[in-house]
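> Everything below, folded, please.
(3 chains)
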Amino acid sequence: MDIDLSTTTVRTANATLRALPPGATARLTNPAGRHNLAVGLTEEITVEIDGTAGYYVGGLSKNATVLVHGTTGWGAGENLMSGLIRVDGDASQSLAASAHGGTIVVRGDASLRAGISLKGATVLVAGNVGDHCGFMAQAGTILVGGDAGRGLGDSLYEAVIYVAGRIKDLGADARVEELAESDVELVARLAKQHGFDHIDPENVTRVASARQLYHWGTP
Amino acid sequence: MSFDEIRERARLGRYPIRGGGARRAVPTFDDLTFLTASASRYPLEGYREHCATRTVLGAANARDPVVLEIPITIAGMSFGALSAPAKEALGRAASEVGTATTTGDGGMTPEERMSSKTLVYQCLPSRYGFNPDDLRAADAIEVVLGQGAKPGGGGMLMGQKLGPRVAAMRTLPEGIDQRSACRHPDWTGPDDLRIKIEELREATDWRVPVFVKIGATRVYHDVRLAATAGADVVVVDGMQGGTGATQDVFIEHTGIPTLAAVRLAADALADFPDVALIVSGGIRSGADVAKALALGADAVSIGMAALVALGCNDTVHDFGPASYADLGTTAGNCVACHTGGCPVGIATQSPGLQARLDPVRGAERVANYLRAITMETTMLARACGKADVHHLEPEDLVALTVEAAAMARVPLAGTEWIPGR
Amino acid sequence: MCGITALQLRDPGLRPRLGALMAAMMAQVAERGPDSAGITIYPEIAVLKGVGHPAVLATEWRLHEISGTQAVAHTRMATESAITAAHCHPFVVGDGLSLVHNGSFANHATIRRELLARGVAFDSDNDSEVAARFLAYRLDSGDDLEKALRLLCERFDGFYTLAVQTPDAFAVVRDVIACKPAIIAETPGWVAMASEYRALAVLPGIEAARVYEPEPEEVYLWTST
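Sure thing, here's the model as predicted:
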């Protein structure tokens, strides 16, 4: 099914997507940066977006696969519960904010605060990430194929960040930890699964919480 | 700051944290009085003639607006800050009297969903426990920008209360001191909030209303911006609003009194006839409710008062005399909310302590209290000659102090003088 | 709070279409700022401002008929100051410097007092005007635009995405936290900046443009050709 967003409202397009049965595929054409596309999906459907999506693409969804053949605005995959969001281009700020589950893949770069407040999802960025990636991330995995900006992992809880490239600097309470065999296996599996061939799983930096902010007794 | 407070900081090396609301004296609704009917106006019969209390919120955008039988809702208090039996009791009480209760920072429990006929689901900066399934199960969504006890600050839950269930719901390690975010992770400012609200409406198929809650600071601008961003209901929480735990400096030194906030918020909504106003922060009596409605609120929310009705600081409780001393506190002056050592099972996650609260009996007390203050509200409205509590207006009030007259913008009693006018 | 759009044309063939392109861009960010709008068009430094919906204003101004080399525009959702034409961005000061701002400054009152003490005059109580006056003051003091913008980052607290144009330059800068949106697109024919991609999507050749987000506290500067 094709839905032309130059002639269909976002509200109608989303209602149509939510009515699709499991296994169905839909294509959204002419997105032109419109917001809130493919939001609130619940079934195992596949949505392809031909072009650039605005804020919150695939947000508040579960089970679905959303493939964006373009770039995305703020909060792509926001609060995702399960399923897959894949962005062929770059992702704007707050990628995968508070996402609980599923996988969010960006083949280009991601801007500031990728994986902010992450709650269990897996976030993979083939390129670089901006400042404050993983800010206050509570659970889940972030894999960065390129470089990371300032304040990486600031106020991190139990989420783990792997960076293949350089790290500008670490945020408060984030620290570099030694790679365990299980880390290498996880990174290798994720890289293989999503075609991130440029990543050498033995040569990533593991960043996790130093856990110094967990109690008020420490400043 | 007292010498004791200086010593406390000297001992801790950090700021004190506590529960409750502002302790300092500020102008309140008690500083206003109603000009009830005599000769120039005629009262309605207090016990017999009908006075409507029904309140409908969010009918402009939502397919299923929130319909309240009384104009008093229960404010957002988290499972985590409160025990599961306390949340359940509040839900039962609200359902019994036909009003709404609200989740909090930490998500929705099945107990509170089942016990609450109308449940408002909060979307907070932390997004702890926030998920689309519960979102769709809610009867309204409340995007929280701040609260009266700590406008500009994030939520807080001390490690003693971050037990296994609460920690799991919040995706946090057990026992850590939780410091929530103060800004939302995926938008900042009303222009982006507008897009966020649209997302929440899309995810719920435009079925339920969207509330936006703010702590009372720059009220006029903030309320107007919340309405411009698309809120159906704006909730304004004044500085007397309580909390489970926060920095003492926030509680006492930020925000403006609820009395001042109502009028500013009502002014801000003058151009938004479809947007409703809920006011909270220190509402205790039917007189408070009636005065807030007269000054422009469509409904009020109560937090602390509902907890007191539930048994907070009470000496006789479901399990018998409450043993405050064993927990290092005293009845009537107990602010152990942040420590998790709540003697009456309300603000605790200790299995032993929370077993002290019977949710059914607790709900009866809260429902009784809600009924009683609703009666007080209608009594005052009838005495002012109103067949609907929403017909109360600022002209029904005068002030007993110059401060209250200035803040509420009603005349000082016996004069036509409104300071600043 | 607001929507920003700005365009600098490199291809002289596009100049007759400047107003039409700006009108199309502004319409896409109208929801971000439905109260009022304003635009500066170069090289004449024609300033148009008004209260009302940006799309209605663009028609009133006959914006689609206006040609030029570059323009910067703003759709406004007023935060703390009044909704009047005087409070509309762009704030045009000094030797034809135009500034638009999305966000809100946290210490503008103090900087306003400092500038007043140095003899700088203001037209409004808008926080964004303080930034414009600050830049003009720095330019008068001999700094170049890039230096002036760096000093602004040092002196101003709060949240901001700024687009600035002078008769010979176009610049973009954001605060260190960068929580107000900004996106830039460049082609051989033009360079544009907007709050949201959808405003860039209306531009000719956007499919082949280099699209990127400005980094926090980096000054992006393009000189006019």
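> Show me the strands in the stretch 251-400 of chain B, by range?
Secondary structure of the stretch 251-400 of chain B, counting by DSSP state E, counting those that start in this stretch: strands at B:276-280, B:299-302, B:316-317, B:320-321, B:397-399.
> same check, this time on chain A
For chain A, the strands defined by DSSP state E cover A:2-4, A:25-29, A:46-50, A:65-68, A:84-87, A:103-106, A:119-125, A:139-144, A:160-163, A:174-177, A:205-209.
> Between strand A:139-144 and the last one, find me the angle.
Okay, so that is strand A:205-209. On the basis of axes from the mean of the first three to the mean of the last three C-alpha atoms, to 10 degrees, strand A:205-209 is oriented at 150 degrees to strand A:139-144.
> now do the longest one
Following the same axes, to 10 degrees, one obtains 10 degrees for the angle between strand A:119-125 and strand A:139-144.
> who does strand A:119-125 touch, helix- and strand-wise?
On a contact count with 3 or more C-beta pairs under 8 Å, 6 or more residues apart in numbering or on different chains; DSSP states H and E, strand A:119-125 meets strand A:103-106, strand A:139-144. The way it works is simple: take the backbone N, C-alpha and C, and place the C-beta from them, glycine included.
> and the longest one, how far out from the chain's middle?
Averaging C-alpha coordinates over strand A:139-144 and over its chain gives two centres that are 9 Å apart (C-alpha atoms, centre = their mean, to the nearest Å).
> Just want the residue of chain A that's nearest chain C.
Going by C-beta to the nearest C-beta, chain C is nearest to residue A:33 of chain A, at 3.3 Å.
> what's the burial count for that residue?
Residues lying near residue A:33 (other C-beta atoms under 10 Å in any protein chain shown) number 25.
> Verify the stated contact: it with residue A:68.
No - here residue A:33 lies out of contact with residue A:68, judged by C-beta atoms under 8 Å, at a distance of 11.4 Å.
> Overlap in contacts, those two.
Residues touching both residue A:33 and residue A:68 (C-beta atoms under 8 Å, 6 or more residues apart in numbering or on different chains): A:52-53.
> Excluding sequence neighbours, find me the nearest residue to the residue in chain A positioned nearest to chain B.
Residue of chain A nearest chain B, by C-beta to the nearest C-beta: residue A:40 (3.3 Å). Spatial nearest neighbour of residue A:40, excluding adjacent residues (C-beta to C-beta, 6 or more residues apart in numbering or on different chains): residue B:203 at 3.3 Å.
> which residues of the chain fall in helices?
No chain specified, so I'll use chain A. Using DSSP state H, the helices of chain A run over A:10-18, A:181-193.
> Chain B is the one I meant
Under DSSP H, chain B gives helices at B:3-12, B:84-97, B:110-115, B:132-137, B:164-169, B:190-203, B:219-228, B:248-253, B:258-268, B:286-294, B:304-310, B:351-354, B:359-383, B:402-408.
> Select, out of those helices, the one closest to residue A:55.
Nearest to residue A:55 among the helices of chain B is helix B:190-203; the distance by C-beta to C-beta comes to 4.9 Å.
> sorry, back to before: put together a markdown table for the helices of chain A, with mean neighbour count on each row.
Formatted as a markdown table, the helices of chain A follow (neighbours: other C-beta atoms under 10 Å in any protein chain shown):
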| stretch | mean neighbour count |
| --- | --- |
| helix A:10-18 | 18 |
| helix A:181-193 | 15 |
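> interface residues of chain C facing chain A?
Taking C-beta under 8 Å from any C-beta of the partner chain as the contact definition, chain C meets chain A at C:28, C:178-179, C:181, C:183, C:196-201, C:211-213, C:215-216.
> Compare the residues you listed and tell me which is most surrounded.
residue C:199 (31 neighbours).
> That one and residue C:50: what is the separation?
19 Å (C-beta to C-beta, to the nearest Å).
> same check, this time on residue A:100
Taken as C-beta to C-beta, the span from residue A:100 to residue C:50 is 46 Å.
> Tell me the spacing between residue C:187 and chain B.
27 Å (C-beta to the nearest C-beta, to the nearest Å).
> tally of neighbours for that residue?
Neighbours of residue C:187 under the rule other C-beta under 10 Å: 18.
> show me the contacts for it.
C:10, C:203, C:205-206, C:208-210.
> got it, and residue A:183?
With C-beta under 8 Å, 6+ apart, residue A:183 has these contacts: A:160, A:162, A:204, A:206.
> and these as a markdown table, adding pLDDT and distance to residue B:287?
Putting these into a markdown table (pLDDT from 0 to 100; distance: C-beta to C-beta, whole Å) gives the following:
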| residue | pLDDT | distance to residue B:287 |
| --- | --- | --- |
| A:160 | 98 | 55 |
| A:162 | 98 | 60 |
| A:204 | 98 | 64 |
| A:206 | 98 | 60 |
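> among the residues you listed, which two are most distant?
The distance between the two most remote of the contacts of residue A:183 (C-beta to C-beta) is 10.7 Å, for A:160 and A:204.
> These two: who's more crowded?
Neighbours per residue (other C-beta under 10 Å) separate residue A:160 from residue A:204, with residue A:204 holding more: 23 against 20.
> I figured residue A:150 hits residue A:131, correct?
Yes - Residue A:150 lies in contact with residue A:131 (C-beta under 8 Å); the separation is 4.4 Å.
> Low-confidence regions, the chain specifically.
Since no chain was named, I'll use chain A. Filtered on pLDDT under 70, chain A yields the residue ranges A:217-219.
> just to revisit the earlier point, make a markdown table from the helices of chain A and add distance to residue B:113 to it.
As requested, these are exported to a markdown table (distance: least, C-beta to C-beta, whole Å):
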| stretch | distance to residue B:113 |
| --- | --- |
| helix A:10-18 | 22 |
| helix A:181-193 | 36 |
